[in-house]
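Asker: I'll drop the sequence and a predicted model, then ask my questions.
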Amino acid sequence: MRINTVLCDLLGIQYPIIQGGMAWVATAELAAAVSEAGALGVIGAGNLPPEAVQREIQRVRSLTSKPFGVNVFLLSPFSAGVMEVIVDERVPVVTTGAGNPGKYMALLKAAGVKVLSVVSTVNMAKRLERAGVDAVIAEGMECGGHIGQIASMPLVPQIVDAVEIPVVAAGGIYDGRGLVAALALGASGVQMGTRFVCATECTVHRDYKKAIIVARDRSTVVIGRTTGHPVRVLDNKLARQVLQAETQRGSGAEIEGFAEGALKCAVVDGDTEYGCLMAGQVAAMVTREESCQQIIDHVMATAYEALERLGGVTAG
Ligand code: TUI
């Protein structure tokens, strides 16, 4: 049995799984390992300058000949330069976040780059479909990092009903049960971030991985709601300080200042007390470090199990 969807055909991949393009986390090593395992590995360009992104692209190419992508954070001051590098390097896939890639569409399409854009509302999905993107990634508020307000279960089917292009579900997906649930909602595949933070090939500090591994169901909290830019993180001293400041003072600018550089602090320095440990709600389900191949194989094996169980339900 194979789970072959339009996403597999669109991206030239074996399994309908995309790795989230997490800033500071999704390096060439992680992206190449995910692609080698048959899914789509994605470099997180974050706020990196174009030359650094180019080096990451070349490093992925030295590690795998399979398709891969680059995630462009559209609020980065370097996003235009990064798009040029992507076109020059003929990167097969771009995922975008935090904006509308409309002004780059002609350039990307002319170079044959597939564009998948993250959205967290129905309106954004419709707008980006009109802008010509190849697929949307519907990101529910269960995911880590910057989040919208709608959970995956209601968001995905609403977007599926609102657009004609393929929809990828993100947020709250850990294993094959999540993949099959996403397919049942009408999605053509999934994007997963948190589980890949704990991949052997992921180069983040071991203490960041450990914090995800010990996380339980209520271990993530949402900070920055008062700023209009909510962020899901693991509960720690930084999170509690920010939450306290939000209830006491509620000053947006002050709170934004708190988190300055705190993501790098978590990823590079492994500061689990004052680093910004972005993680989705599935952190509770991540119980060990494993290779990207083991992760993908586990997602697919548990997806087939889930499908078999469902077959039993309808037959009964
Ligand atoms: O971007 C995210 N999640 C993130 S970013 C981040 S931290 C960081 N990133 C880069 C550099 C430095 C630090 C942690 N988590 N998710 C993608 C996402 N994009 N979710 C929602 C959106 C979005 C928001 C507005 C997409 C489009 C949009 O506007 C579109 C329009 O219509 O203008």
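Answerer: Cool, got the structure.
Asker: would you list every one of the helices in the stretch 101-250 of the chain?
Answerer: If you assign secondary structure with DSSP state H, counting those that start in this stretch, the helices in the stretch 101-250 of the chain sit at 105-110, 122-131, 152-162, 176-184, 194-197, 206-214, 237-248.
Asker: closest one to the ligand among the ones you listed?
Answerer: Using C-beta to the nearest ligand atom as the measure, helix 122-131 is the one of the helices of the stretch 101-250 of the chain that comes nearest the ligand, at 4.6 Å. Where you see a C-beta, it was placed from the backbone N, CA and C, and this is true even at glycine.
Asker: quick one: low-confidence parts of the stretch 101-250 of the chain?
Answerer: For the stretch 101-250 of the chain, the stretches with pLDDT under 70 are 249-250.
Asker: Closest residue of it to the ligand?
Answerer: For the stretch 101-250 of the chain and the ligand, the shortest gap (C-beta to the nearest ligand atom) falls at G145, measuring 2.3 Å.
Asker: Run through the residues of the stretch 201-316 of the chain sitting next to the ligand.
Answerer: When proximity is defined by C-beta under 6 Å from any ligand atom, the stretch 201-316 of the chain lies next to the ligand at 263, 278.
Asker: Show the residue spans covered by the strands in the stretch 201-316 of the chain.
Answerer: Assigned by DSSP state E, counting those that start in this stretch, the stretch 201-316 of the chain shows strands spanning 220-223, 231-234.
Asker: Of these, flag the one that's most buried.
Answerer: Counting by mean count of other C-beta atoms under 10 Å, strand 231-234 has the highest mean neighbour count of these, with a mean of 24.
Asker: For it, what is the distance to the chain centroid?
Answerer: 14 Å (C-alpha atoms, centre = their mean, to the nearest Å).
Asker: Can you name every helix or strand that that strand contacts?
Answerer: Here strand 231-234 touches strand 145-146, strand 220-223, going by 3 or more C-beta pairs under 8 Å, 6 or more residues apart in numbering; DSSP states H and E.
Asker: How about stretch 115-123, which residues are buried there?
Answerer: Within stretch 115-123, the residues that count as buried by 16 or more other C-beta atoms under 10 Å are 115-122.
Asker: Briefly note if it comes near the ligand.
Answerer: Yes. Judged by C-beta under 6 Å from any ligand atom, stretch 115-123 and the ligand are in contact via 118-120.
Asker: In strands, which of those appear?
Answerer: 118-119 (DSSP state E).
Asker: you'd agree V60 is up against V42?
Answerer: No. Taking contacts as C-beta atoms under 8 Å, V60 lies outside contact range of V42: 9.7 Å.
Asker: Return every residue with contacts to both of the two.
Answerer: 31, 68 (C-beta atoms under 8 Å, 6 or more residues apart in numbering).
Asker: rewinding a little: which one, of the helices of the stretch 101-250 of the chain, ends up nearest to I223?
Answerer: Set against I223 and scored by C-beta to C-beta, the helices of the stretch 101-250 of the chain come closest in helix 237-248, at 4.4 Å.
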